[in-house]
Every structure is written in C-alpha cells, then in structure tokens.
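Student: curious how this folds, go ahead:
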Amino acid sequence: MIAYIKRYPLSLIVIAIIWYLSFFTPPETELNEIPYIDKMVHVCMYGGLSVTLWIEYLFRHCSLMLKRLITGAVVCPILMSGCIEVLQATCTETRSGDWMDFAANCTGVILASVLGYYICRPVIWKYKK
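Tutor: Modelled structure (predicted):
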C-alpha cells in the first residue's frame, strides 16, 4: 500500500476529492441554471482522475503494461463511479444515484484514456528520453 502512495500521490488526492464531492450537498448557484452542467462536472472529475492516473503511471514506468494500466486507469475509476452512485442512492437522503451520472463518469474515463494513450504517452516518453 505504501508503494501506491509513493507512486500515485496526486491520483489518491483526486480520488479523495471525488469521494468528498460525491457526498456533500452542493450550494445552489446560478450555474445550476445551465442545462446538464452536472454531467459536465462528472465528465471533468472522472476524466481528470483518469488522466492523472495515466500521467503518474507513464512517468514512473519505462514500459507500457497495458493490462495493468487499463485496470488501474479505466476499470477501477468506472467501478468506483458505480459504487458511489449506488451509495448515493442507498445511503444518503440529500443525493441520488443516477445512471446518467454513471454514463458521464464513464465518458470522462474513456476520453481521458484516449488522451492518455495518444497524447500524454508520446509526449511524456519523448520527454523522459
């Protein structure tokens, strides 16, 4: 466990922030008037998490172990998202689980993974050489 804390500190911070934001009651603001703003927030949160995982992985490894990377930067964030949505639906009174939120989270993870593989990977590995 200590190895993960040393290798992925920013990712763990982003995970903690997502868990916090998923269970607190947000204040009402004028931004609530924008259609689907909450879905954009979900795409950004999970996209940010996944791209952070990709970047930290690419900086700390010399080779691409795609199976491990897909598990850690794609599957785990999607599973975390599903767990959070189920917990919001069953364990809170102020939040509700929403399948569209889950879809937005998955969209963010997939977009970030495409960005990580096709843009971050070549740039970071060129920088490392």
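Student: what sits against the spatially closest residue to residue 112 that is not a sequence neighbour?
Tutor: Spatially, and ignoring its direct neighbours in sequence, residue 112 is nearest to residue 50 (3.5 Å; Cβ to Cβ, 6 or more residues apart in numbering). Every residue, glycine included, has its C-beta placed from N, CA and C. Shown in contact with residue 50 (Cβ atoms under 8 Å, 6 or more residues apart in numbering): 73, 74, 77, 108, 109, 112, 113, 116.
Student: quick check: residue 50 vs residue 89, distance?
Tutor: The gap separating residue 50 from residue 89 is 23 Å, by Cβ to Cβ, to the nearest Å.
Student: check residue 24 too.
Tutor: Applying Cβ to Cβ to residue 24 and residue 89 gives a distance of 16 Å.
Student: which parts of this protein are helices?
Tutor: Along the chain, counting by DSSP state H, helices occupy 2-7, 9-23, 37-60, 66-70, 76-91, 99-115, 121-128.
Student: need these in CSV (columns: distance to residue 31 and mean pLDDT).
Tutor: Converted to CSV, the helices of the chain look like this (distance: least, Cβ to Cβ, whole Å; pLDDT from 0 to 100):
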stretch, distance to residue 31, mean pLDDT
helix 2-7, 34, 89
helix 9-23, 14, 96
helix 37-60, 6, 96
helix 66-70, 34, 94
helix 76-91, 20, 96
helix 99-115, 16, 97
helix 121-128, 32, 88
